[in-house]
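Novice: Let me see the structure of the following:
(chains A and B)
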Amino acid sequence: DTAVSQTPKYLVTQMGNDKSIKCEQNLGHDTMYWYKQDSKKFLKIMFSYNNKELIINETVPNRFSPKSPDKAHLNLHINSLELGDSAVYFCASSHSDRGNTEAFFGQGTRLTVV
Amino acid sequence: DAKTTQPPSMDCAEGRAANLPCNHSTISGNEYVYWYRQIHSQGPQYIIHGLKNNETNEMASLIITEDRKSSTLILPHATLRDTAVYYCIVRVGGSNYKLTFGKGTLLTVNP
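Specialist: Numbering: from 1, shown residues only, chains lettered A, B, ... in the order given. Sure thing, here's the model as predicted:
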C-alpha cells in the first residue's frame, strides 16, 4: 500500500488556469507538508499543516492555497497558474509528537505550465 | 537550522562501501543530523538520523564526529540502485518538521 499518494502524477495546463493537486496519507500521521522542487532541483518547503491547522507558510504567493479537509489529506490549489509555477510538487507527512522520526514523501506531481 | 556542506558528486564501485561526507560546523547542541536521498524522479526517502552517537539501521550507518561538526553516511555495500542524490540536513528536534534541503551529493554507483 502506498503510504503517501499524490494525484495526478503529471499535470500539463495553460497559463491562467486553476488546478489542484491531491495528497493522501494512510500512515496515521497528523502533520502534512507541501514541498516544491524547481528546475534547478532545489527542494523547498511551502506549507505545513498539523491537525488541519496551518503551521508553516514559507512566503508562498497567495495564489497557492492548501486545504486540509482532515488529517489524512492535504490538497494544493493553485489559481492563475504562471510559467514559473512549473515544478515538481511533493507531499509529505510525519508525526508531530515524534519530532525526531522521518518524514515520508509522495512520488511527486510534475506540473508543467505552457 | 545549521547549514551543511557536501561534495557535489561522488563515484563508488558496486559492492564497495560508499562514504558520503557532510560538514555542519555551525551545528547547535539541539540539532540532529538527518540523511535523505532522492532517486531520480522519485520523492525523497529517509535514510537515518542521529544526535551524538553513531547510528546504524538496515540501510546505512551514520558516523558523527565527537565535536559534531561533521558526519559521514556509510552505505556498506553499494548497489546500482543506490545511485541517487544524498542530502545531509541538520534540524532542531521537535514537531516543527521543516527540512531545509541543500544541493546534496550525487552518488553514482558504477558496475
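Novice: can you map out the strands along the chain?
Specialist: Using chain A here. Per DSSP state E, chain A carries strands over the ranges A:4-7, A:10-13, A:19-25, A:31-37, A:43-50, A:53-57, A:64-70, A:73-78, A:87-94, A:104-105, A:109-113.
Novice: Please refer instead to chain B.
Specialist: B:9-13, B:18-23, B:31-38, B:45-50, B:55-56, B:61-64, B:70-75, B:84-92, B:105-110.
Novice: hey, what's residue 34 bridged with?
Specialist: By default, I'm working from chain A. residue A:47, residue A:91 (DSSP bridges).
Novice: nope, chain B please
Specialist: Beta-bridge partners, per DSSP bridges, of residue B:34: residue B:49, residue B:89.
Novice: For it, which residues are in contact?
Specialist: Residues in contact with residue B:34 (C-beta atoms under 8 Å, 6 or more residues apart in numbering or on different chains) are A:102, B:46, B:48-49, B:88-91, B:99. Just so you know, the C-beta spots here come from the backbone N, C-alpha and C atoms, and that holds for glycine as well.
Novice: Who wins on neighbours among those?
Specialist: The most neighbours of any of those, using other C-beta atoms under 10 Å in any protein chain shown, belong to residue B:88, which has 26 neighbours.
Novice: can you list the weak-confidence ranges in the chain?
Specialist: Here I'm looking at chain A. A:1, A:97-100 (pLDDT under 70).
Novice: you looked at the wrong chain, it should be chain B
Specialist: Ranges of chain B meeting pLDDT under 70: B:1-2, B:93-96.
Novice: Centroid-nearest residue for it?
Specialist: Closest residue to the average C-alpha location of chain B: residue B:35 at 3.4 Å, with C-alpha atoms, centre = their mean.
Novice: ok now do the residue nearest in space to the middle of chain A, which residues does it touch?
Specialist: The centre of chain A sits closest to residue A:34, judged by C-alpha atoms, centre = their mean, with a distance of 3.0 Å. Applying C-beta under 8 Å, 6+ apart to residue A:34 gives the contacts A:23, A:45-47, A:66, A:74, A:76, A:89-92.
Novice: try residue A:32
Specialist: Each residue near residue A:32 by C-beta under 8 Å, 6+ apart is listed here: A:23, A:25, A:48-49, A:68, A:71, A:73-74, A:91-93.
Novice: which parts of chain A sit against chain B?
Specialist: By C-beta under 8 Å from any C-beta of the partner chain, the residues of chain A that approach chain B are A:4, A:31, A:33, A:35, A:41-45, A:48, A:50, A:55-56, A:90, A:92, A:94, A:96-97, A:99-100, A:102-108.
Novice: rerun that using 7 Å as the cut-off
Specialist: Residues of chain A found near chain B (C-beta under 7 Å from any C-beta of the partner chain) are A:31, A:43, A:45, A:48, A:55-56, A:90, A:94, A:96-97, A:99-100, A:102-103, A:105-108.
Novice: Sounds good, over and out.
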